[in-house]
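Trainee: Below is the sequence, then the predicted model.
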Amino acid sequence: MIDIDIQRQQGDFQVNARFTGNDSGVTALFGPSGAGKTSIVNMVAGLTPPDAGHIVINERRLFDSSRKINLAPEKRRIGYIFQDGRLFPHLSVKSNLTYGMKQVPVSQRYIEFDTVVELLGIAHLLERRPAKLSGGEKQRVAIGRGLLSSPAMLLMDEPLASLDQDRKLEVLPFIRRMCREFSLPILYVSHSRDEILTLASRVILLRAGQTVESKNPTENLETLLPPQPIAPKLCVNE
Ligand SMILES: Nc1ncnc2c1ncn2[C@@H]1O[C@H](COP(=O)(O)OP(=O)(O)OP(=O)(O)O)[C@@H](O)[C@H]1O
């Protein structure tokens, strides 16, 4: 179970987020640009501290201002997958994948290297450097690296946003498979209604730093998500 209740003032902007989520499956954070999605994810990861509140993931209290608990990011057992992958450019795909895994004691590892490589279809890429991967391949490796750190929770901040439509369609099935095969809570930030409807079991709607509504899978998630305008076609001068 995810139990989050956090406040933080950053400049003129106030984050006031309060929501619960399932102990497995995807909880989506949805809201317009500047609504505070990344700010929330960064607080869960431990990269920025809330001013007050608590963050509890599957019974583990990562942050609690009233009890003066604030676990360091590396103690939180959280995998963070960024929009741009952020692979180590000087390491091969294999070394990128095993980097996080090696930091985790063997007794705490619950995901096998070979399982992840097979799940994400990246066996043929293991010896390459990131510069020789497509955007979709980089994101699959980034997801693999996150999983191999055997996290208690996965944070995915717009993991498909930097990809074109074809690459999105390539990576999305891998994310769906990952959600099905691992019983792991995932906090998933996206602007994309389609991605959320495909993946999420719960949606949290954010506006101006505040959580305004949430729905679970027994409700009609579509009613919470405004239809998105169709992107205008590019005009090409002949
Ligand atoms: N360190 C900071 N100091 C002051 N203001 C900040 C800081 N970090 C973010 N903000 C402000 O907080 C607000 C929320 O930013 P945040 O990046 O969390 O939004 P977001 O919903 O993730 O946006 P996007 O979808 O565009 O990535 C913005 O107005 C931003 O300018």
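Mentor: On my side now, so go ahead.
Trainee: So what sits opposite the residue nearest in space to the middle of the chain in the bridge?
Mentor: Centroid check for the chain by C-alpha atoms, centre = their mean gives residue 156 as the closest residue, at 1.2 Å. Assessed by DSSP bridges, residue 156 has beta-bridge partners residue 81, residue 188.
Trainee: So for residue 152, what's the pLDDT?
Mentor: pLDDT for residue 152: 89.
Trainee: Could you check how far it is from the ligand?
Mentor: 23 Å (C-beta to the nearest ligand atom, to the nearest Å). Placement of C-beta: from N, CA and C, glycine included.
Trainee: quick one: contacts for the residue lying closest to that residue once chain neighbours are set aside?
Mentor: Counting by C-beta to C-beta, 6 or more residues apart in numbering, residue 152 lies nearest to residue 77, which is 4.2 Å off, once chain neighbours are set aside. Residue 77 makes contact with 60, 108, 149, 150, 151, 152, 153, according to C-beta atoms under 8 Å, 6 or more residues apart in numbering.
Trainee: what residues does this structure put near the ligand?
Mentor: 10, 11, 13, 31, 33, 34, 35, 36, 37, 38, 39 (C-beta under 6 Å from any ligand atom).
Trainee: Mind doing that once more with 5 Å?
Mentor: Residues of the chain lying close to the ligand (C-beta under 5 Å from any ligand atom) are 10, 11, 13, 33, 34, 35, 36, 37, 38, 39.
Trainee: re earlier: can the contacts of residue 77 go into CSV with extra columns for neighbour count?
Mentor: Formatted as CSV, these follow (neighbours: other C-beta atoms under 10 Å):
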residue, neighbour count
60, 14
108, 10
149, 23
150, 19
151, 23
152, 19
153, 23
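Trainee: Secondary structure added to those residues, as TSV?
Mentor: Formatted as TSV, the entries for the contacts of residue 77 read as follows, by DSSP: H, G, I helix; E, B strand; the rest coil:
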residue	secondary structure
60	strand
108	helix
149	coil
150	coil
151	coil
152	coil
153	strand
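Trainee: out of the residues of the chain next to the ligand, who has the most neighbours?
Mentor: With neighbours defined as other C-beta atoms under 10 Å, the most crowded of these is residue 37; it has 26 neighbours.
Trainee: now the closest residue in space to residue 95 that isn't next to it in sequence, what's its secondary structure?
Mentor: Closest residue to residue 95 apart from its sequence neighbours, by C-beta to C-beta, 6+ apart: residue 88 at 7.5 Å. Three-state call for residue 88 (three-state DSSP): coil.
Trainee: Quick check: residue 88 touching residue 97?
Mentor: No. Counting by C-beta atoms under 8 Å, residue 88 sits too far from residue 97 to count as a contact (10.6 Å).
Trainee: quick one: buried residues of the longest helix along the chain?
Mentor: Longest helix of the chain, by residue count under DSSP state H: helix 165-181. Along helix 165-181, these residues count as buried under the neighbour rule (16 or more other C-beta atoms under 10 Å): 167, 168, 170, 171, 172, 174, 175, 178, 179.
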